[in-house]
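**Q** I need the structure of the sequence given here:
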Amino acid sequence: MIDNMYAIMARINEIQSRFGLKRHNAAQVTGTEKTGRFDEMVSGIIREISPEQKGKVSVQAISSTDEIKKIAEYHARKNNLSPSLVKAVIQNESGYNPRAVSPKGAMGLMQIMPAMAKQYGVTDPFSPDENIGAGVSFLRNLMEKYNGDYKKALSAYNAGENVVDKAGGVPDIKETRDYVQKVIKSYLENEE
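**A** As a prediction, this is how the structure comes out:
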């Protein structure tokens, strides 16, 4: 499945373009706006499903932000991480859109790459449970590697471990520095 992921992502982008559903640039849309749009989209889909079809719809196919947060909390606690941190990463990675695909090929809620999906045994990177499970396990491994240093772990999640190791900390990459600041800000807001 992972081997064909790029073809699938290209097809998804084609369909999104055809129906005017193309993703907005993350810099143009705040996490709250993305979450709201996703919830509206899910609600619209649910309204359009006939009563006969409702029993046949997979729970994983349509996940509300509240369901996603519960899954995030479960995996965070299972991995001894702060649920607020995990939710902050999801908010900044995908805006709670389980079908998000980045131009670089990162997929799902925690924007996992195909190699990471394979490494963590993910068969469906768009499944909220599988995606969050892999993303949180990876984040926990980074937290352990960097002795609990959130900034280094988040930098490695964004830019890669080799980049952080070479820099000896948060690399001098604007995108990564901005990412770390945004996740920490979201984390603090989630803690309130």
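
**Q** low-confidence bits of this protein, can you list those?
**A** 1-63, 192 (pLDDT under 70).

**Q** what are the ranges of the helices in it?
**A** Counting by DSSP state H, the chain has these helices, from start to end: 5-18, 31-48, 51-54, 65-78, 83-94, 114-119, 128-145, 150-159, 161-167, 174-191.

**Q** wait, Asp129 sits on Ala72?
**A** No - between Asp129 and Ala72 there is no contact under C-beta atoms under 8 Å: 10.1 Å. C-beta here means a position set from N, CA and C on the backbone, and glycine is covered the same way.

**Q** do you know which of the helices of the chain lies nearest Val101?
**A** Taking C-beta to C-beta, helix 5-18 is the member of the helices of the chain nearest to Val101, at 4.9 Å.

**Q** which one of Asp129 and Ala72 has more residues nearby?
**A** Ala72 (27 against 19; other C-beta atoms under 10 Å).

**Q** ok, the more buried one to Leu109 distance?
**A** 8 Å (C-beta to C-beta, to the nearest Å).

**Q** which residues do these two both contact?
**A** Common contact partners of Ala72 and Leu109 (C-beta atoms under 8 Å, 6 or more residues apart in numbering): Ile90, Ile132.

**Q** save the helices of the chain as CSV, and put in distance to Lys104 too.
**A** CSV is the format used below for these (distance: least, C-beta to C-beta, whole Å):
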stretch, distance to Lys104
helix 5-18, 10
helix 31-48, 18
helix 51-54, 35
helix 65-78, 22
helix 83-94, 12
helix 114-119, 10
helix 128-145, 15
helix 150-159, 11
helix 161-167, 14
helix 174-191, 11
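
**Q** so which of those helices is the most packed in?
**A** Highest mean neighbour count among the helices of the chain (mean count of other C-beta atoms under 10 Å): helix 83-94, with a mean of 25.

**Q** ok, and what's touching it?
**A** With contact meaning C-beta under 8 Å, 6+ apart, helix 83-94 is reached by 31, 34-35, 68-69, 72-73, 75-77, 96, 100, 106, 108-111, 132, 135-136, 139, 150, 154, 157, 179, 182-184, 186-187, 189-191.
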